Each structure stands twice: as C-alpha cells, then as structure tokens.
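*Asks:* kindly return the folded structure for what I paste below:
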Amino acid sequence: MADSSIPGFYEKSRDERLGIVADFAGLSDEELGILRGSGGIGFEQADKMIENAIGTFSLPLGVATNFRINGNDCLVPMVIEEPSVIAAASKGAKTARVCGGFAASAEKSYSTGQIQILGADDSSVQKIADSEARILEIANQQSRTLSKTGRGAKKVSCREIQAESCRMLIVEILVDVGDAMGANITNTMCEAVSPLIEDLTSGRALLRILSNYSVQRLARASATFAKDAVGGKDVVNDMLLAYEFADADVYRAVTHNKGVMNGVISVANATGQDSRAIEAAANAYAVRSGRYRSLTRWKKDKHGNLVGELELPLSVGIVGGIANVHPLARVCTRILGASSAQDLACVMAAAGLAQNYSAIRALATEGIQKGHMRLHARNLAAAAGAKPDEIDGLVKKMIQHKKISLDGARELLG
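*Replies:* Presented below is the predicted three-dimensional model:
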C-alpha cells in the first residue's frame with residue numbers, strides 16, 4: 001500500500017516532489033506534464049469560462065502529506081496562497097496517524113431546489129402533496145443520466161414562511177445528483193416544474209433556484225490525537241480551553257472556523273469546487289443552534305487523549321463544472337484517488353480537522369506567529385528582491401536577527 005508519510009518532502013526539489021506524487025498516484029506522462037505547466041489553462045479556455053476575460057491568475061499548488069483516511073493513505077492537493085496551511089495540515093495528519101488516522105464519512109449527494117410561490121391559495125400544500133408523483137416525473141425528464149442511474153428528483157415538500165411583506169409558500173425538491181455538485185440540474189428542474197406548481201397553487205412562481213445550504217449532504221471526520229504525541233496532558237487541557245473559547249465567543253469562533261476552512265477550501269480549490277457555496281453553507285451551519293459556534297468539537301477520551309470531530313455540509317462533485325474543464329483539477333482529483341463525491345468530501349473534512357488541530361495546538365503552546373512567520377519570511381525575502389538562490393540564506397538571517405518584515409529583509413539583503 002502506498003505510504004503518504006514522506007519524511008523530508010518539503011526539503012526535496014520540485015522534480016523530486018513531482019516524481020513522488022506521480023509514483024504515488026500512478027500519473028501518466030500527460031498528467032505529469034500538466035502539473036509541470038504554469039497554471040492548467042490558457043487564455044482561450046479562460047475566455048470561455050468567464051465574461052470579459054483579460055488573462056489567467058495562478059495560485060500555488062502543493063500537497064499535504066501523512067494523511068490516512070479510513071485506513072487508506074492519500075496525498076492531499078491544496079491550492080492556497082497562505083503560508084503554513086499545508087505544513088500545518090501535514091503536521092496534524094502526522095499526529096493523527098499515531099492512533100490510526102482519520103475516520104470520515106459523507107452522506108449521499110442530495111441537492112435542494114426551492115420554488116418561491118406568491119399568492120398561493122389555502123389548499124396548495126395538499127394539492128402539491130397529491131401531485132408529488134407528477135412533479136417528480138417532470139423534474140426527472142430533465143436528466144436522462146440521473147434517471148437511468150436511479151438518481152434524480154426524489155421528494156417534494158412545502159414550507160410556509162412569513163416574510164416582511166407577505167406570506168410565501170416555498171416548495172422544495174430533493175434531488176440525488178450523484179457525483180456532481182448538482183447546481184445546474186437542480187435549477188433546471190425547478191424551472192421545469194414551476195408552471196405545474198403555479199397551476200396547483202393559483203400562485204406565481206418567482207425565484208426558482210437551488211439552495212447552497214446542503215444539510216442533507218453532511219460530511220464528518222474524526223480523529224484521536226495521542227496525549228503524548230500532542231505534548232502531554234497540560235497541552236491537551238490547554239487546547240480544550242482554547243476550543244471552549246472559540247465555541248463560546250463569536251469573535252474567536254470566526255477566526256477558529258476560518259482556520260478549519262483553510263484546510264477545506266484549499267482542497268476545494270485544487271479540485272475545482274464552488275468554494276463560495278462551501279463557505280456560505282459552513283458558516284450557516286455554524287449558527288444552526290442560534291448562535292455562531294465552532295464547527296469542530298474537541299474532548300478527551302478516557303485515556304486522556306485528545307479527540308476531534310468536524311461536521312459540515314459539503315456540496316462537492318467529481319463530474320461536471322470546473323472539475324471536468326480545468327486540467328489541473330482533474331489531475332488533483334486523480335492524486336487524491338477520489339472515485340466519488342463522497343470520497344472527496346471525506347478528504348476535505350479530514351483536511352479541515354487536521355488544520356484545526358494544528359492551529360489550536362500552536363495557539364495553546366508557542367503561539368501562532370513562530371511557525372507562521374518563519375514560513376512568511378520566504379514571501380518577504382522574495383518581495384525584497386532576493387534571487388531564488390538567495391532566499392534560503394536571507395530567511396535564516398531574518399530569523400536569526402528577528403527581523404521578519406519587508407524592511408528587515410531589504411536591510412539584510414542590501
């Protein structure tokens with residue numbers, strides 16, 4: 001079995017790293033060539049993806065090591081501009097390996113479409129319930145692929161809400177979208193069934209759109225971090241106090257959850273997911289109890305080990321959208337070895353938990369800046385004008401003289 005625990009990976013050259021990744025994932029020469037490229041897409045492709053295109057914008061792509069999820073080792077591609085995130089995720093995954101790594105699960109890929117009905121009559125809810133089969137039939141005519149595989153629209157439900165100016169009837173369609181994120185087909189189904197729903201309710205269909213609050217699509221990850229590997233019982237206790245701070249105070253919780261999403265979104269970026277939808281759903285989920293809280297949960301087991309859990313909605317896909325269009329997204333999915341949307345969601349949840357572990361531990365021990373600024377110094381050295389072969393030496397001087405700033409880098413370089 002391939003081993004994602006690769007000592008000194010960060011010290012290796014780019015070619016050595018690419019060779020390790022290619023061997024681990026069984027990449028073809030073509031896929032390796034895509035990784036060696038400058039960003040995966042050219043202007044012509046970008047011009048077809050968005051409006052008013054003028055160029056492309058690249059971000060760093062790296063891999064986090066040490067991940068073992070449900071007994072399987074994997075290298076985790078991450079696209080992010082922030083230093084220390086990949087290192088922290090790798091470190092968290094390494095500590096989790098001591099007790100077997102991460103256990104993760106993800107629910108079926110259900111998407112919810114909403115149809116806003118204005119002026120519905122009093123018998124509308126019953127009429128819609130009586131016509132559910134017909135509504136589902138029309139919805140499923142919009143995708144032969146989903147219908148042939150036993151997926152597609154599965155359920156119709158209604159909710160009445162009181163808005164500021166009037167009461168509204170919200171008709172919701174639950175759609176099994178398989179291995180897709182599912183936004184487009186859900187929207188198509190909503191638009192297709194709205195004329196029938198208007199007839200049934202004697203109302204007017206206004207908005208017909210999916211909801212990104214995908215609470216039927218939860219992903220979960222958990223891990224035990226051995227007390228001795230964490231740093232002893234005092235460190236465990238301090239980490240729990242740090243977690244309690246985040247769970248009780250919204251100002252801390254926002255930053256705490258941002259760290260969780262560093263791990264989740266960096267994998268989302270690498271695999272071509274809708275990161276804005278994921279962020280919006282996660283933050284809504286954090287406030288489901290009535291106040292904004294930590295997305296993670298931390299506790300001690302009977303042996304004094306630290307146990308972490310993360311649960312959040314994840315609408316992700318490995319087919320359709322940018323996941324199929326962007327060459328790098330396809331390669332990154334191959335590196336992960338994700339064969340389903342659920343596989344991908346499991347990795348993303350584990351990455352978020354690993355990142356959160358490392359952030360809390362750093363905060364509860366040496367402070368976040370020591371490790372972060374050491375890595376940030378490389379960016380500062382480059383910004384100061386250091387040549388590639390000068391950066392490592394300049395970073396050592398910056399740390400030695402405690403001058404981790406742009407002015408300090410320029411002074412030591414000059």
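
*Asks:* what's the closest non-adjacent residue to Val235?
*Replies:* In this structure, Val235 finds its nearest non-sequential neighbour in Thr365, 6.1 Å apart by CB to CB, 6 or more residues apart in numbering. No exception for glycine: its C-beta is placed from N, CA and C like everyone else's.

*Asks:* give the buried residues for the helix or strand containing Val171.
*Replies:* Val171 belongs to strand 167-176 when assigned by DSSP states H and E. Using 16 or more other CB atoms under 10 Å as the test for burial, strand 167-176 gives Met168, Leu169, Val171, Ile173, Leu174, Val175, Asp176.

*Asks:* what sits against the last one?
*Replies:* Looking back up the chat, that one is Asp176. Asp176 makes contacts with Lys108, Ser109, Tyr110, Leu146, Arg151, Gly152, Ala153, Lys154, as judged by CB atoms under 8 Å, 6 or more residues apart in numbering.

*Asks:* can you pull out the low-pLDDT segments for the chain?
*Replies:* Scanning the chain for pLDDT under 70 picks out 1, 39, 368-375.

*Asks:* any idea which helix is longest in it?
*Replies:* The longest helix of the chain (DSSP state H) is helix 341-364.

*Asks:* list every C-alpha atom in that helix, with coordinates, as CSV.
*Replies:* Output of helix 341-364 as CSV, limited to C-alpha atoms (Å, rounded to 0.1, in the frame of the first residue of the first chain):
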residue,chain,number,x,y,z
ALA,A,341,-18.2,12.9,-4.4
GLN,A,342,-18.3,11.2,-1.0
ASP,A,343,-14.6,10.3,-1.2
LEU,A,344,-13.8,13.9,-2.0
ALA,A,345,-16.0,15.2,0.9
CYS,A,346,-14.3,12.8,3.3
VAL,A,347,-10.8,14.2,2.4
MET,A,348,-12.0,17.8,2.7
ALA,A,349,-13.4,17.2,6.1
ALA,A,350,-10.2,15.4,7.3
ALA,A,351,-8.1,18.3,5.9
GLY,A,352,-10.2,20.8,7.9
LEU,A,353,-9.9,18.8,11.1
ALA,A,354,-6.1,18.4,10.7
GLN,A,355,-5.7,22.1,10.1
ASN,A,356,-7.8,23.0,13.1
TYR,A,357,-5.8,20.7,15.3
SER,A,358,-2.5,22.3,14.3
ALA,A,359,-3.8,25.8,14.7
ILE,A,360,-5.2,25.2,18.2
ARG,A,361,-2.1,23.4,19.3
ALA,A,362,0.1,26.3,18.1
LEU,A,363,-2.1,28.9,19.7
ALA,A,364,-2.1,26.9,23.0
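
*Asks:* name the nearest residue to the residue positioned nearest the centre of the chain, sequence neighbours excluded.
*Replies:* For the chain, Val264 is the residue whose C-alpha lies nearest the centre (CA atoms, centre = their mean; 3.0 Å). Leaving aside its sequence neighbours, Val264 sits nearest to Gly352 (CB to CB, 6+ apart; 4.2 Å).

*Asks:* how far away is that neighbour from Gly263?
*Replies:* 4 Å (CB to CB, to the nearest Å).

*Asks:* strands along the stretch 301-414 of the chain, start to end?
*Replies:* For the stretch 301-414 of the chain, the strands defined by DSSP state E, counting those that start in this stretch cover 306-313.

*Asks:* how about the helices in the stretch 51-200 of the chain?
*Replies:* For the stretch 51-200 of the chain, helices defined by DSSP state H, counting those that start in this stretch occupy the ranges 85-97, 124-130, 132-140, 144-148, 183-201.

*Asks:* might you calculate how far the second one sits from the centre of the chain?
*Replies:* The chain centre lies 38 Å from the centre of helix 124-130; the measure is CA atoms, centre = their mean, to the nearest Å.

*Asks:* apart from its neighbours in sequence, what residue is nearest Asn257?
*Replies:* Spatial nearest neighbour of Asn257, chain neighbours left out: Leu295 (5.1 Å); criterion: CB to CB, 6+ apart.

*Asks:* who are the contact partners of that neighbour?
*Replies:* By CB under 8 Å, 6+ apart, the neighbours of Leu295 are His256, Asn257, Val260, Ala282, Tyr285, Ala286, Leu310, Glu311, Leu312, Gly352.

*Asks:* sorry, back to before: my read: the residue nearest to Val235 touches Asn237, true?
*Replies:* No - using CB atoms under 8 Å, Thr365 is not in contact with Asn237, being 11.9 Å away.

*Asks:* look up how far Ala345 lies from the residue nearest to Val264.
*Replies:* 11 Å.

*Asks:* ok, and for stretch 321-338, which residues are buried?
*Replies:* Buried residues in stretch 321-338, counted by 16+ other CB under 10 Å: 321-323, 326-338.

*Asks:* and what of stretch 180-198?
*Replies:* The neighbour-count check on stretch 180-198 (16+ other CB under 10 Å) flags 180-183, 185-190, 192-194, 196-198 as buried.

*Asks:* swap in stretch 46-60?
*Replies:* For stretch 46-60, by 16+ other CB under 10 Å, it's Ala46.

*Asks:* ok, and what's touching it?
*Replies:* Residues outside stretch 46-60 that contact it (CB under 8 Å, 6+ apart) are Ser38, Gly39, Ile41, Gly42, Phe43, Val79, Ile80, Glu81, Asn269, Ile322, Val325.

*Asks:* the third one in helix, strand or coil?
*Replies:* For Ile41, the secondary structure call by DSSP: H, G, I helix; E, B strand; the rest coil comes out as coil.

*Asks:* residue contacts, it?
*Replies:* For Ile41, the contacting residues are Met49, Thr56, His326, Pro327, Leu328, by CB under 8 Å, 6+ apart.

*Asks:* hmm, try it at 10 Å
*Replies:* Asp47, Lys48, Met49, Thr56, Ser58, Ile322, Val325, His326, Pro327, Leu328, Ala329 (CB atoms under 10 Å, 6 or more residues apart in numbering).

*Asks:* the second one belongs to a helix?
*Replies:* Yes - assessed with three-state DSSP, Lys48 lies in a helix.

*Asks:* over to Asn212: give its phi and psi.
*Replies:* For Asn212, the backbone dihedrals (degrees, to the nearest 10) come out as phi -80, psi 0.
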